[in-house]
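Show me how the following folds:
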Amino acid sequence: MASHPRGLTAPRGTGSDTAAPPTVVVENLVRGYGPKGVLNGVDLQIAPGEFVALLGPSGCGKSTLLRALAGLDAAVSGSGRIRVPDNVSVVFQDSRLLPWASLITNVTLGQHERRSRERGSEALAEVGLAGREKDWPHQLSGGEAQRVALARSLVRDPSLLLADEPFGALDALTRLKMHDLLRQLHHRHRPAVLLVTHDVDEAITLADRVVVLDHGRIALETRVALDDDRDPSGAEFAQVRRHLLGALGVRRTPTQHHTERESA
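Okay, here's the model as predicted:
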């Protein structure tokens, strides 16, 4: 059996709840734009409540896979089998708020239940924006706009949350705060999550399992066996980082400081 660095274990089953059927099943997924292949036979399962981070270089097919799971790739040719739950929410890098609508209207957009506005207020409170229901998107900072986007996804009680680099446009400090928020929300609501990111540290900080995509195929998948308090300056965190960077083809020199952010 292959050995793994401390903090990493080989994937076992589909995730944290191996007794339950997987929330997501992808089998031999092929996607392409014209003659150009983007995904070349991807197989992936995500367990209920499991948090999976998807890493890989630009153009490797990360967003293509996420859009396939979201049902947003009708114009893309391909084949394979996808099974996802009916209640799927998507969070993009751009918050995609309607500028002419209040925050509560943005959060509850498309919801028709009697309690939708009450549930929308609860979701805003969960992301730290209690009492801001009547505010407008132009009054928000970038981090606050992404909090509203998260609230909009929560109000739908998703079984699967798809997040396509949702913090990529934020400054470093706001990004760290959003990591904490997303971890808290995931622990509270327990949806299955697929997070697309270029940031290795972000993947290690948030995910139960990290999948590395390269040239449209899964090059590595490994479980992150670290405590909830994942200190980027810690030795085990650094070992996981080096392992993933190696899978991404990045070799660090001794002069590089181990606490700097790494992106691939």
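
In a helix, Glu122, correct?
Yes - assessed with DSSP: H, G, I helix; E, B strand; the rest coil, Glu122 lies in a helix.

Now do it: how many residues are near it, please.
15 (other Cβ atoms under 10 Å). For every residue, glycine as well, the C-beta is placed using N, CA and C.

got a pLDDT number for it?
Note for Glu122: predicted pLDDT of 95.

let's number from 39 now, not from 1
Fine by me, first position is 39 from now on; the one you just mentioned is Glu160.

From Arg153, how far off is it?
The gap separating Glu160 from Arg153 is 9 Å, by Cβ to Cβ, to the nearest Å.

do the same with Phe275
For Phe275, the distance to Arg153 - Cβ to Cβ - is 42 Å.

ok, those two, which is more surrounded?
Legend: neighbour count by other Cβ under 10 Å for Phe275 and Arg153, higher for Phe275 (22 against 10).

Work out the gap between the helix or strand hosting the more buried one and the centre of the chain.
Secondary structure assignment for Phe275, by DSSP states H and E: helix 273-285. Centre-to-centre, helix 273-285 and its host chain are 19 Å apart (Cα atoms, centre = their mean, to the nearest Å).

what pLDDT does Ala245 get?
95.

can you check Ala48 too?
Value listed for Ala48 in the pLDDT field: 51.

Ok, Gly97 next?
Taking Gly97 on its own, its pLDDT is 86.

Relative to His236, how far out is it?
On the measure of Cβ to Cβ, Gly97 and His236 end up 11 Å apart.

Between these two, tell me which one has more neighbours.
Using other Cβ under 10 Å, the more surrounded residue of Gly97 and His236 is His236, with 17 against 12.

Need the CA coordinates for the helix ranked longest in the chain. CSV is fine.
What stands out as the longest helix in the chain, according to DSSP state H, is helix 210-227. Taking Å, rounded to 0.1, in the frame of the first residue of the first chain, the C-alpha atoms of helix 210-227 are listed here in CSV:
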residue,chain,number,x,y,z
ALA,A,210,-6.7,38.3,1.7
LEU,A,211,-8.2,39.3,5.1
THR,A,212,-11.8,39.1,3.8
ARG,A,213,-11.0,35.8,2.2
LEU,A,214,-9.9,34.3,5.5
LYS,A,215,-13.1,35.5,7.2
MET,A,216,-15.2,33.9,4.5
HIS,A,217,-13.4,30.6,4.9
ASP,A,218,-14.4,30.7,8.6
LEU,A,219,-18.0,31.5,7.7
LEU,A,220,-18.3,28.8,5.0
ARG,A,221,-16.9,26.2,7.5
GLN,A,222,-19.4,27.2,10.1
LEU,A,223,-22.3,27.1,7.6
HIS,A,224,-21.2,23.7,6.3
HIS,A,225,-21.0,22.3,9.8
ARG,A,226,-24.5,23.6,10.6
HIS,A,227,-26.3,22.6,7.4
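
who does that helix touch, helix- and strand-wise?
Packing partners of helix 210-227 (3 or more Cβ pairs under 8 Å, 6 or more residues apart in numbering; DSSP states H and E): helix 180-192, helix 238-244.

Domain ranges for this protein, per the record?
39-125+198-302, 133-195 (automatic domain parsing).
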